[in-house]
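Enquirer: after the sequence you'll find the predicted model.
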Protein chains: 4
Amino acid sequence: MREHRKIEHVGIKPSMRVGELVREMGKSGVFGAGRIAEAADVYRGMVDSDATIFMGLGGALVAGGLRQVITKAIKHELVDVIVTTGANVVHDLIEAFGGHHLRGEPFVDDARLRERGVSRIYDTYVPQRAFELFEDRIQPLLREVTKHDTRMSSAKLLREIGLRLRDRDSFIGAAAKRGVPVFAPALVDSIFGIQAWLFAQDHEIVLDGLLDMKEMIELAHRAENSGALLLGGGVPKNFIFQSKLLAPTPFRYAIQITMDRPEHGGLSGATLEEAKSWGKVAPDARLVTVIGDATAIFPMLIAAVLARGKRKKP
Amino acid sequence: MREHRKIEHVGIKPSMRVGELVREMGKSGVFGAGRIAEAADVYRGMVDSDATIFMGLGGALVAGGLRQVITKAIKHELVDVIVTTGANVVHDLIEAFGGHHLRGEPFVDDARLRERGVSRIYDTYVPQRAFELFEDRIQPLLREVTKHDTRMSSAKLLREIGLRLRDRDSFIGAAAKRGVPVFAPALVDSIFGIQAWLFAQDHEIVLDGLLDMKEMIELAHRAENSGALLLGGGVPKNFIFQSKLLAPTPFRYAIQITMDRPEHGGLSGATLEEAKSWGKVAPDARLVTVIGDATAIFPMLIAAVLARGKRKKP
Amino acid sequence: MREHRKIEHVGIKPSMRVGELVREMGKSGVFGAGRIAEAADVYRGMVDSDATIFMGLGGALVAGGLRQVITKAIKHELVDVIVTTGANVVHDLIEAFGGHHLRGEPFVDDARLRERGVSRIYDTYVPQRAFELFEDRIQPLLREVTKHDTRMSSAKLLREIGLRLRDRDSFIGAAAKRGVPVFAPALVDSIFGIQAWLFAQDHEIVLDGLLDMKEMIELAHRAENSGALLLGGGVPKNFIFQSKLLAPTPFRYAIQITMDRPEHGGLSGATLEEAKSWGKVAPDARLVTVIGDATAIFPMLIAAVLARGKRKKP
Amino acid sequence: MREHRKIEHVGIKPSMRVGELVREMGKSGVFGAGRIAEAADVYRGMVDSDATIFMGLGGALVAGGLRQVITKAIKHELVDVIVTTGANVVHDLIEAFGGHHLRGEPFVDDARLRERGVSRIYDTYVPQRAFELFEDRIQPLLREVTKHDTRMSSAKLLREIGLRLRDRDSFIGAAAKRGVPVFAPALVDSIFGIQAWLFAQDHEIVLDGLLDMKEMIELAHRAENSGALLLGGGVPKNFIFQSKLLAPTPFRYAIQITMDRPEHGGLSGATLEEAKSWGKVAPDARLVTVIGDATAIFPMLIAAVLARGKRKKP
């Protein structure tokens, strides 16, 4: 048996920095704390080897307060390609258009919320006026971006919209301005989809899923050294992973932060090891799964990665 | 405080029928067992009130052995509309084309599986030849179904394919033959998507997500009395629920069987109560969540519902 | 690679027996359904090889409606030694004394329940009069059983109490009458403990944990062929497993039904494989973990095991 | 409907301190991140109101690297009473005696680990020599501490042992020296229990659970203003909560950090609200549950609480 390192215990200081805390977690190296430190190492490995970093945004992370963290990751070049649920697109745009999310309660009378025009996402409230604002602003935008081209991928559509946003905190805006493509392969499965459907009543627009595949497969193909950073599962995780099925080189790094588990067979909770059997990740890839809530873990991770210095693009 | 029923204990007999077991679980009525009995009651309520039943198939249920149970539910008219992940489509078609899934192990050397051409889904193995067979058979089918129409919804595409299948156990085939639409709004996010992309290299085909929305919204609009039966979460759950955002009547019944939880804010684990605030389910809807693995719970549920007699369509 | 069995799909019939359903689950053999069928096989293996079966009762299974199932398992000789939480002891005795549990709601105003004298266990309610009845009956029983011996193990105490119960549904009663020892190593950690403490104000009584260890270690030592059947984790799981640390032969079989997971390092969610490294289970032991709610899974398991015939004691 | 605060997004800086990060999480206030910030507020509320703080240590936190964090909490007067599993006692003493835990792998050949004398706790390894060292040192200690008194509570036993330890990082040592009682009501359910049983073969020793109850009930009775801080569930959680069943004042604060859930009815996953119905926590208590791995969350929490200054004892 190879020599195993002694477990040292996590040390705490009142004024410690996040980067230090994560390093301390690495000194023990076990259980959940160990996984966070390992994730920071693997992430830093991606950054330092100049890997193309594909980030999956499952769930409703923007409604959960992670909007600026995602935008920060884009601005600091910690991510190169994004795949997201429709929900994150909607919530980002609502705020870009001047709307707000509210802090609510998870156990309430939902019928009464309904009467008052409030839609609930766990303990986040979305007031009716946010959706009205969304409608008011997205319809003219759709008109504008479909002027020259009516059939497009979600990535093209979101880039065109992103370029027209002025809110510097918008992750869709920041991504568009920095050339980071944002895919939402199931964009119709969201309030955005509802608005696009309304738009389609008297306008020509085609959201062609195969164009998403085309663009994504090309990106995956070109990315010789690449890594996946998966917050939650769902379509973002699978779409990122399957993009490598036809690529010459699989992912060399993968991190997932999730509360899902593998035993019932869904892809969301599948282990990263499983992806080796599909050729989505390399046999010797650096893999780490953190079981936890991304709203709690991801900010810590980004702070810890940033603490080790900027990405040096060659 | 209203009078609460005494808890009676679950009785067991060596030769008992599944329907009896579920009734016994209803006698206690608490914890997980109570939820299963309640789900059978709510399901039976949908059937007896002739509700339009929307079924969501999250995860990889077909690879998990539920193919015939789903097909049985279709044939016994226990479901009227299906929304599924791409994975279930692929696994159903592989078997319809004569391929197989194998029973494997969840903890193995995945790099070695890769070398041997086996892709793993927890403890299900998909041999390479299954995917080759899928390619051999789906390409001519795509050619055939796009002859007259190149732009279509996933539901239309799957109906056309289903009508051409001879395997009586296929849920896509059974659904097509009985007029049960099968939506896969994120169909590109699967091996089917990969094949469609290959096909699109030298053929015209557009998978237009907005056509899915159109058809689904119309179905939801027409279904005055309706219920949702959700196995797992993901796109199927959200797509079913959001179809009611523009409908005059929300769901009157909803059942979900899931291992997901609400605290991290993803829609997959959201409570059914939350859907009230969105107007997706009625304020007085009958709702029940069973925390459990659908491969274990759903067969029990279907057997228990069938045990109470056939659906009587008016 | 060894030949892997083709997955056959679970078949359903309206009038099917529980035993048949579990066999059907075994035909697929994967995901959660596969684990249930495997658990039935392993359990039957214990029974047919006449193993000494140690059953752990974590959580509040009796309050959850499993009282008669546990008692049935005792009467049909499907269990030889029981280790339980204090909670199951209290809830069994409340009913043995003529009290009841009520079926309530999981999301309520708990402060109001408090005012009305109702204690909640998820959706089970325990009315104040149940605890009063418990006090009225347990105090004279404690007086009686400590007449000759004031220092005893939990197993001895529960045997003495069990022999004095007339309720045929009580698992403590059935166990006492059939010579199945019932250990509750953390018995003080329950309402029983509170009552014992009250009793100890003016009586001599010593609940000596080391006597529990002594009796348990002897049982584990003698049981050459043995198996563990663990419902939930906690002290029952650990106490059963650690009893083998000093025994000549480890467990040859182990089944756990649990919602707990291993990643945060607690013993409750630890894999059964891990127990091999401690020598608690044999290197070639038959092990199966079912991720699920024991109130839903355990009745199905017992019905399926009973369906294969009675235990033949040599 | 009362006015709800706008959700602001978590801001990240490369050099930010842990306290700042937790404050940023409080600005969003939702999902898992929001719960961590709330936990810091509630903890600080306990400290500033000079509440008696009861800390529950479920699972194997010491093996998971939290030993120094717990000890730090004791030294900074952030905890007044501790209830622990036997596992944490054993792992603390192994290190106090000069032994080590090793950093291992969670997916290994456990039969081979067994051959090499390594016991596994998820990804922590305990080498055989650690247990031998434990035996060598605990036996004389047991002889010494039972010289004057052979019948005692776990708290008394651990205090006597703690006073004899020289390792400044030991939480049992630090607690003993600062008068913080450490209860382990299920101490026999651990390797310590095995050693005590060996000792009992030829020495007089009685571990009387009712003495634990007596001491704990007195502490709970005296603590007019009190709070519970629960890492994991199990006996520690229940023992802390039930101590208030006979006390004049329930807990005014409660925090739990856990991966357990309520639906299957076990106390480990029960909501803190449920404790109101039992009178264990006050109707207007400040309650917060963080769903997460304590090894990841607890160090962050302690750092954040310490960052707001020392506890001022009146």
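Expert: Thanks, I have the structure now.
Enquirer: alpha carbons only for contacts and neighbour counts from here, please
Expert: Will do.
Enquirer: and the nearest residue to A:A33 once chain neighbours are set aside, how far is that from C:W278?
Expert: Leaving aside its chain neighbours, A:A33 sits nearest to D:A296 (4.4 Å; criterion: Cα to Cα, 6 or more residues apart in numbering or on different chains). Remark: distance between D:A296 and C:W278 (Cα to Cα, to the nearest Å) = 26 Å.
Enquirer: and for whichever residue of the stretch 51-200 of chain A sits closest to chain C, the neighbour number?
Expert: Residue nearest to chain C within the stretch 51-200 of chain A: A:F107 (8.1 Å; Cα to the nearest Cα). Residues contacting A:F107 under the criterion other Cα atoms under 10 Å in any protein chain shown number 12.
Enquirer: for it, give its distance to chain B.
Expert: From A:F107 over to chain B the distance is 9 Å, taken as Cα to the nearest Cα, to the nearest Å.
Enquirer: shouldn't that residue be within a strand?
Expert: No. A:F107: not assigned to a strand; according to DSSP: H, G, I helix; E, B strand; the rest coil it is coil.
Enquirer: got a list of what it touches?
Expert: Shown in contact with A:F107 (Cα atoms under 8 Å, 6 or more residues apart in numbering or on different chains): no residues.
Enquirer: and if we set it to 10 Å?
Expert: A:122-123, B:273-274, C:107-108 (Cα atoms under 10 Å, 6 or more residues apart in numbering or on different chains).
Enquirer: reformat the residues you listed as JSON lines; add pLDDT.
Expert: What follows is the contacts of A:F107, written out as JSON lines (pLDDT from 0 to 100):
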{"residue": "A:Y122", "pLDDT": "97"}
{"residue": "A:D123", "pLDDT": "97"}
{"residue": "B:E273", "pLDDT": "98"}
{"residue": "B:E274", "pLDDT": "98"}
{"residue": "C:F107", "pLDDT": "92"}
{"residue": "C:V108", "pLDDT": "95"}
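Enquirer: can you tell me which of the residues you listed lies nearest to chain D?
Expert: Closest approach between those and chain D, by Cα to the nearest Cα: A:D123, at 5.9 Å.
Enquirer: neighbours of the closest one, how many?
Expert: Neighbour count of A:D123, defined by other Cα under 10 Å: 24.
Enquirer: same question for A:S15.
Expert: If you count neighbours by other Cα under 10 Å, A:S15 ends up with 16.
Enquirer: that one: what secondary structure?
Expert: coil.
Enquirer: the residue nearest to A:A33 and D:L231, how far apart?
Expert: Counting by Cα to Cα, the gap from D:A296 to D:L231 is 11 Å.
Enquirer: please read off the pLDDT at A:K312 from the model.
Expert: A:K312 carries a pLDDT value of 84.
Enquirer: so it is in which element?
Expert: Remark: A:K312 resides in no helix or strand, with elements defined by DSSP states H and E.
Enquirer: okay, now the nearest residue in space to it that is not next to it in sequence: neighbour count?
Expert: With Cα to Cα, 6+ apart as the criterion, A:K312 has its nearest non-adjacent residue at 7.4 Å, and that residue is A:D48. A:D48 has 14 neighbouring residues, counting by other Cα under 10 Å.
Enquirer: residue contacts, the residue positioned nearest the centre of chain A?
Expert: Central residue of chain A (Cα atoms, centre = their mean): A:L57, 2.3 Å from the mean position. Contacts for A:L57 (Cα under 10 Å, 6+ apart) come out as A:70, A:82-88, A:184, A:229-237, A:294.
Enquirer: out of these, which are close to chain B?
Expert: Applying Cα under 10 Å from any Cα of the partner chain to these, one finds that A:85-87, A:184, A:232-237, A:294 fall near chain B.
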